[in-house]
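**Student:** Predicted model and sequence follow; I will ask about them next.
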Amino acid sequence: MSTSIQSLQSLIQYYADHRVEKIYIKVLAANDNSKNQVYFGPGFKALTLFPTGDVYPDPSGDNPIFKAGVDFLWIGDDTSLVNAPSAQIILYPQYPEIRFSGFLKGCDRSRLDSTRTLMNSRIPGRILFLGTDNQGRIIGSVFKPDSSVCRQAMEISAGLVKATEIFSEIVTSFFLGVGSDPRTTLLTELCRIHRLGWINSKRLDATKTILPCKATQCGGYTLEAELGITPNGRSEPDFQGWEVKQHGGNVLTLMTPEPTGGFYVERGVEEFVRTFGYMDRLGRADRMNFGGTHFCNQKHPNTGLTITLQGYDSLSGKITDADGGIAMSSGDGTLAAFWAFTGILKHWNRKHRNAVYVPSKHRTDPENQYTYGNIVRLGEGTDPLYLLKAIESQMVYYDPGIKLEGINDVRPSTKRRSQFRVKLRDLNSLYVNVNLVDVTAYCE
């Protein structure tokens, strides 16, 4: 590592200067090296810490594995950033665990002498620092055990937040004394919003212009507008590392991924609804629906379809087939819709690691308005495998709102909404910890 970085303070300042808000640190064991890969921990929790490319199955070998590329750079000997073009995260479902590999392959060797020496070695006690910048790049650095950076990191290690069993977390702005930690900032903002009382329904566009929200379900948009959150179609958290979700009742929408295979994809939404849907139950003419709560291993009475997890062993809680996924099939074996594990792993990845669930109330008189409660739920730490287990145990279920209007027209209109939901009482199944917090304790 560069001789110009001589203290933990200067290292964290370097990360902050490169728009890194959180640094994850790991004390390396002897086997954590370029030959044996770097162990990122049991389960798939580490996948929620770092941005990745698409997750894909690797057909080589006897056991199923997943891989995902990462945009990784080392801090070079001269403190410039050195690209590591072959860096990747490997998920081993049979254990399950995650490892990091390819981090030296293809690098400019002349600028990484000390890093290569340390990452090729079997010296225990080295410390690896990994921070993600605002472009989704992971910036890495490593220091030897007797360096001042390592000694200072070990001195504060007991007071650091554990991001996973393996990684501790440093918030750069908080460490440098220029801001609060993101959790406190979030709760302070939610207290402010709670004290506003009834808020006119609104939303932000991509330029952060406030617009009225006239639909009947604008609670999420209104809360996001108050927090300054613009529409976020990326798999990234909403607010300083936190996913923000509001709920007006006891049912929560977790995610809305479109199917990646099956009849739905091959034949299109219109044919899907005509084949597996039903005429509108409220008597609205010229309309067909595909809806209802679909639980794993339970045939739905209206659609005739059953959700199963293909390539998942419910007894061990492990993925046994990297090409598997969430399947919805008819009694004759027709695959109606399919969500590949690869897509689910990436979708659940960073966006759901930490989430806050905020209760809301709605009224339309005198205006379309929302108010937000003071008791919120903080879900902290998750794993995509928790989600699969919750689906298999029927705690998380598929509750679509898909419709086809103008069914007799030449060009009928379709609405797509494939949503997976959970009841409030079952939220604990998805996180390491779920805590009830009164945000009024954080009011300034």
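**Tutor:** Perfect, thanks for sending it. Note that this is a predicted model, so its numbers are computed, not measured.
**Student:** which residues in the stretch 1-150 of the chain form helices?
**Tutor:** Using DSSP state H, counting those that start in this stretch, the helices of the stretch 1-150 of the chain run over 8-17, 113-120, 148-156.
**Student:** Can you say which of those is nearest to Arg192?
**Tutor:** Counting by Cβ to Cβ, Arg192 lies closest to helix 8-17 out of the helices of the stretch 1-150 of the chain; the figure is 25.9 Å. For glycine as for every other residue, the C-beta is placed from the backbone atoms N, C-alpha and C.
**Student:** Quick check: Thr334 touching Phe263?
**Tutor:** Yes. Between Thr334 and Phe263 a contact is recorded at 6.3 Å, counting by Cβ atoms under 8 Å.
**Student:** more neighbours, those two?
**Tutor:** Per other Cβ atoms under 10 Å, whichever of Thr334 and Phe263 has more neighbours is Phe263, with 20 against 14.
**Student:** in the helix ranked longest in the chain, what counts as buried?
**Tutor:** In the chain, with assignment by DSSP state H, the single longest helix is helix 182-195. For helix 182-195, the neighbour count (16 or more other Cβ atoms under 10 Å) marks 182-183, 185-191, 193-194 as buried.
**Student:** Select, from those, the two members most distant in space.
**Tutor:** Maximum pairwise distance among those (Cβ to Cβ): 18.5 Å, between Pro182 and His194.
**Student:** And this structure, what are its domain boundaries?
**Tutor:** By the assignment in automatic domain parsing, the chain contains the domains 8-175, 182-442.
**Student:** could you redo those as TSV and give each row mean pLDDT?
**Tutor:** Listed next are the domains of the chain as TSV, based on pLDDT from 0 to 100:
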stretch	mean pLDDT
domain 8-175	93
domain 182-442	91
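**Student:** Let me see the contact set for Met328.
**Tutor:** By Cβ atoms under 8 Å, 6 or more residues apart in numbering, the contact list for Met328 reads 262, 294, 305-308, 335-338, 398.
**Student:** got the residue ranges for the helices in the stretch 201-350 of the chain?
**Tutor:** Using DSSP H, counting those that start in this stretch, helices in the stretch 201-350 of the chain cover 219-226, 263-267, 269-276, 341-348.
**Student:** So which of those is nearest Arg151?
**Tutor:** When those are ranked by proximity to Arg151, the top entry is helix 341-348, at 37.1 Å, counting by Cβ to Cβ.
**Student:** helices and strands around the closest one, which ones?
**Tutor:** Applying 3 or more Cβ pairs under 8 Å, 6 or more residues apart in numbering; DSSP states H and E, we find helix 341-348 packed against strand 55-58, strand 65-69, strand 325-329, helix 384-392.
**Student:** Please name whichever of the ones you listed is nearest to Pro145.
**Tutor:** Among the helices and strands packed on helix 341-348, the nearest to Pro145 by Cβ to Cβ is strand 65-69 (30.1 Å).
**Student:** so how far is that closest one off the chain centroid?
**Tutor:** Relative to its chain's centre, strand 65-69 lies at 16 Å (Cα atoms, centre = their mean, to the nearest Å).
**Student:** ok, now stretch 211-225?
**Tutor:** Here the centre of stretch 211-225 is set off from its chain's centre by 23 Å, with Cα atoms, centre = their mean.
**Student:** What residues sit buried inside it?
**Tutor:** So, applying 16+ other Cβ under 10 Å, buried residues of stretch 211-225: 213, 218-225.
**Student:** Same check on stretch 12-24?
**Tutor:** For stretch 12-24, the neighbour count (16+ other Cβ under 10 Å) marks 12, 14-16, 18, 20-24 as buried.
**Student:** Repeat that for stretch 270-283.
**Tutor:** By neighbour count on 16+ other Cβ under 10 Å, the buried set for stretch 270-283 is 270, 272-273, 276-277, 280.
**Student:** Which one of those is nearest to Glu169?
**Tutor:** Lowest distance from Glu169 to the buried residues of stretch 270-283 (Cβ to Cβ) belongs to Phe272, with 43.2 Å.
**Student:** My guess is the closest one contacts Phe263. True?
**Tutor:** Yes. Phe272 is within contact range of Phe263, at 5.8 Å (criterion: Cβ under 8 Å).
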